[in-house]
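1. turn this into a structure:
(chains A and B)
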Amino acid sequence: MYAYIVRRILATIPVMGVVAVFVFLLLHLTPGDPATVIAGDYARPEDIVRIREQLGLNDPLYIQFGNWLWRLFQGDMGISIFSNLPVTHLIQQRLEPTIMMALTTIIIAIAIAVPLGVLAAWKQGTWVDRAVMVFAVLGFSVPIFVVAYAMIWGFSIKLKWLPVQGYTPIGEGLIPFLRNIIMPAVALGMVYVALIARITRASVMEVLNEDYIRTARAKGLASTTILIRHALKNAAVPIVTIIGIGIALLIGGVVVTESVFNIPGLGRLTVDAILRRDYPIIQGLILVFSGVYVLVNLLIDISYTFLDPRIRY
Amino acid sequence: MVATPTEVPLGHDKTVSRRAWDYTRRHPTVVIGLGLLLLMVVITLLAPVIAADPLFMNPIDRLRAPQEGMIFGTDMYGRDIFSRTIYGSRISLTVGISVAVLSTVVGLAIGLIAGYNRPFDAIVMRIMDGIMAIPAILLAIALVSLAGASIQNVIIAISIPEIPRVVRLVRSVVLTIREQPYVEAAISVGTNFWKILWRHILPNTVAPLIVQATYVCASAMILEAILSFLGAGTPPEIPTWGNIIAEGRTYFQRAPWIIFFPGLFLAITVLAVNILGDGLRDNLDPRVARRM
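-> Presented below is the predicted three-dimensional model:
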């Protein structure tokens, strides 16, 4: 098992390597001179020279990549072109709201999606099952900002229950934090709930056809015991896998949600950086987000060995 | 007892309408999805007839609520939201379909070669894993912001993150099929490579690819709207659903209809494509249908 874990950890190196190359080349893949692209439409010639100098764009490509990677290993993601602050510093500043929103979303989404999926599988073919599936298709189809604006209109403008936008750190009290975070978390979580509910339904349905479920029923166990102890436990691997893969959807959604609700997190930082063509920040953010995705999926792959003792590598 | 084959009802004895009705009953989702989508296409094609000039500004009628003569209301420049929404469907459908076609074609080519050539496979799949690790929205907005805002760049930028998913699908089909006895038999009698590819491998990729393409189309339309909404998509002067919604943000409290109607159209179109995809999946690809 330890050999498997080590192998799985080593397997992330080429993936992150490709991400790093891609992120590095992003600027060079696009047509035109990178310094001119970054400087934007209103740049003076001396601005372009300064940017080219600052980014080391006069060196050959492989030396640029080597230097960039070397600094990256030392935790240096470069300096923001717009604000002249280190990118790592800017990212650290914005971490908290995004992490809190993501965690709230994940907790709410799993708490809703898994029971829904199990229920749908149990009531297979009935109106309950259909309703869950319709909800799942809707969750895939209605874009985040449509859900978000619909909620703002309903709960903030018409009913005046919740603030329109903004963020309160959890340190300033749980209730104000929740009042601000609940709508973003629900908007962000829609797709995620749809995805998890669908996979939960499918994998529980498959397990419910197994012989040991019939045995459990035959010996008179309660339905809830069968569903949770026998069915859900054996259906856990695909569900946990999709929770990990779905993180990619959440990361994308964060960018939109934070813009709609004016939350000062990494998503807003991304949009601001994109609009200002602040290239070092964009690079840093893509690396961080991709790193999180790879790390979460690594942990999930490792968790299989604990979730399902039948899996031996 | 010998069964008389003439008594078996044959498909072609039924009338066309009867067969269509049977199909609708068996696969309601395909018909509903396709119907909604066709409706959208008709609206798009009829845009010049049913809608007014989407760019016409009329400052006297600024921020009017939906009413007679302007059923979806007007925006801050007095432009008609109905006309803008109708014209916006053109961009959404164009982007959705183009991305589906582009990523399917490129992904199919890469996937076929990867499934056949081991050294190439090892390298390509690592690259695909890397691209899949980068969240699609981030990759797309970064590409558009660097390449410049245009519909063409948006289509390319959205296709790139979708390609690895197609490659994986095609590769897995190729790997399964080439182990099949009939393919091994074909190889053993010296059938040439292209013929095997054309006669045995490609037909098996069609069904899963069509299903995949509908999902790509749906997610491309959402991504396009998100890119425009964030200000890193189609040029702001083109009326796309994302652009209309982005412009309406500042006026949301006063004029929620600017966001509501394009949002509704976007949701319905994506829903139609997704329903169609689910129906096709159950219909064309029973293996996947059982798993989902």
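2. so the closest residue to chain B within chain A is in which element?
-> Residue nearest to chain B within chain A (Cβ to the nearest Cβ): A:V18, separated by 2.4 Å. C-beta here means a position set from N, CA and C on the backbone, and glycine is covered the same way. Element membership for A:V18, per DSSP states H and E: helix A:2-29.
3. what are the contacting residues of the next helix or strand after that helix?
-> Downstream of helix A:2-29, the next assigned helix or strand under DSSP H and E is helix A:34-39. Helix A:34-39 has contacts (Cβ atoms under 8 Å, 6 or more residues apart in numbering or on different chains) with A:27-28, A:30, A:43, A:47-49, A:51-52, A:55, A:57, A:81, A:277-279, B:146.
4. mind listing what the residue nearest to the residue of chain A closest to chain B when sequence neighbours are not counted touches?
-> What sits nearest to A:V18 in space, not counting adjacent residues and going by Cβ to Cβ, 6 or more residues apart in numbering or on different chains, is B:G130, at 2.4 Å. Neighbouring residues of B:G130 by Cβ under 8 Å, 6+ apart: A:14-19, A:21-22.
5. adding pLDDT and neighbour count, write the residues you listed out as JSON lines.
-> What follows is the contacts of B:G130, written out as JSON lines (pLDDT from 0 to 100; neighbours: other Cβ atoms under 10 Å in any protein chain shown):
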{"residue": "A:P14", "pLDDT": "89", "neighbour count": "16"}
{"residue": "A:V15", "pLDDT": "90", "neighbour count": "23"}
{"residue": "A:M16", "pLDDT": "92", "neighbour count": "17"}
{"residue": "A:G17", "pLDDT": "91", "neighbour count": "13"}
{"residue": "A:V18", "pLDDT": "91", "neighbour count": "21"}
{"residue": "A:V19", "pLDDT": "92", "neighbour count": "23"}
{"residue": "A:V21", "pLDDT": "90", "neighbour count": "14"}
{"residue": "A:F22", "pLDDT": "88", "neighbour count": "21"}
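6. spatially, which two of those residues are the most separated?
-> The span of those, defined through Cβ to Cβ, is set by A:P14 and A:F22 at 12.4 Å.
7. mind showing which ranges of the chain have poor pLDDT?
-> You didn't pick a chain, so chain A it is. Applying pLDDT under 70 to chain A picks out residues A:30-32, A:311-313.
8. right idea, wrong chain: chain B
-> Along chain B, the parts satisfying pLDDT under 70 run over B:1-14, B:62-63, B:78, B:285-292.
9. how are the helices of it distributed by residue range?
-> Remark: helices assigned in chain B by DSSP state H are B:16-26, B:28-45, B:47-50, B:81-116, B:118-133, B:136-147, B:151-177, B:181-188, B:193-196, B:202-230, B:241-248, B:257-284, B:286-291.
10. how far away is the closest residue to chain A within chain B from A:F22?
-> Nearest to chain A, among the residues of chain B, is B:G130, at 2.4 Å (Cβ to the nearest Cβ). In this structure, B:G130 and A:F22 are 6 Å apart, going by Cβ to Cβ, to the nearest Å.
11. which bits of the stretch 51-200 of chain A sit near chain B?
-> A:137-138, A:140-146, A:149-150, A:152-153, A:157, A:164, A:198 (Cβ under 8 Å from any Cβ of the partner chain).
12. just confirm B:N283 contacts B:P28, I think it does.
-> No: checked against Cβ atoms under 8 Å, the pair B:N283 and B:P28 is beyond contact range at 11.2 Å.
13. so which elements touch the helix or strand harbouring A:L287?
-> Remark: A:L287 resides in helix A:279-307, with elements defined by DSSP H and E. Applying 3 or more Cβ pairs under 8 Å, 6 or more residues apart in numbering or on different chains; DSSP states H and E, one finds that helix A:279-307 contacts helix A:2-29, helix A:87-122, helix A:236-245, helix A:247-261, helix A:266-275, helix B:118-133, helix B:136-147.
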